[in-house]
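Asks: One predicted model, sequence on top.
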Amino acid sequence: GIQVEQSPPDLILQEGANSTLRCNFSDSVNNLQWFHQNPWGQLINLFYIPSGTKQNGRLSATTVATERYSLLYISSSQTTDSGVYFCAGPPGNAGNMLTFGGGTRLMVKP
Amino acid sequence: EAGVAQSPRYKIIEKRQSVAFWCNPISGHATLYWYQQILGQGPKLLIQFQNNGVVDDSQLPKDRFSAERLKGVDSTLKIQPAKLEDSAVYLCASSLVLSYNEQFFGPGTRLTVL
């Protein structure tokens, strides 16, 4: 099956700093999503981004489907950004079955 | 618009007991998914429904896990008998249609097997 690798696995930032999270796929994907899992375990949808670039406030994401990677940018980080960030996508011919990466654990210090 | 609902939020049982989880998807969403998330890992798909039919259950341990979506709306996931390694968060998700569509997740049920 498809392999999803996220980097870095852990990240500690000072409040106000910027960061870039990366997601690499072993095969083509058709339905890439980024999620933030808060400390209570809820998965919050950040972006649905099969290709191109999207922005939502301090967050933006870029997917380059032909090169099998996606990036999540966090600018001016806040303590509420802490948690685990996951990317996920299904293989090109596997409908909507999401395969998740191992996540990036982010801690933003005040 | 209400999100995906799950209950209970927490459950503690002893090994060899049985347990059931309930999920109600977003209204109008035809596709429903159950995922298992073990501590420190990303969620892993267990089963996928389209309306009341199973699309894929290849990752479901069928000797002890079962799931149904009889009327094509809400769904139940059952474990019988539970093992220690079943301790995890069980997440339900839904999407409008089957193919290449954004999924939305419920708050999850945290299961502890003692």
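Replies: Looks like it arrived, so ask away. Since we're looking at a predicted model, the values are computed, not measured.
Asks: Distance of whatever residue of chain A ends up closest to chain B relative to A:Ile12?
Replies: At 3.1 Å from chain B, A:Phe100 is the closest residue in chain A, using C-beta to the nearest C-beta. All C-beta atoms are positioned from the backbone trio N, CA, C, and that covers glycine. In this structure, A:Phe100 and A:Ile12 are 22 Å apart, going by C-beta to C-beta, to the nearest Å.
Asks: The two: who's more crowded?
Replies: A:Phe100 (22 against 13; other C-beta atoms under 10 Å in any protein chain shown).
Asks: Skip the chain neighbours and tell me the closest residue to the more buried one.
Replies: Among residues not flanking A:Phe100 along the chain, B:Gly42 sits closest, at 3.1 Å (C-beta to C-beta, 6 or more residues apart in numbering or on different chains).
Asks: Assign that neighbour to helix, strand or coil.
Replies: What DSSP: H, G, I helix; E, B strand; the rest coil gives for B:Gly42 is coil.
Asks: can you check A:Thr66 too?
Replies: helix.
Asks: what about it, neighbour count?
Replies: A:Thr66, neighbours per other C-beta under 10 Å, totals 8.
Asks: Please report phi then psi for whichever residue of chain B sits closest to chain A.
Replies: Nearest residue of chain B to chain A (C-beta to the nearest C-beta) works out as B:Gly42 at 3.1 Å. Note on B:Gly42: backbone dihedrals following degrees, to the nearest 10 are phi -80, psi 160.
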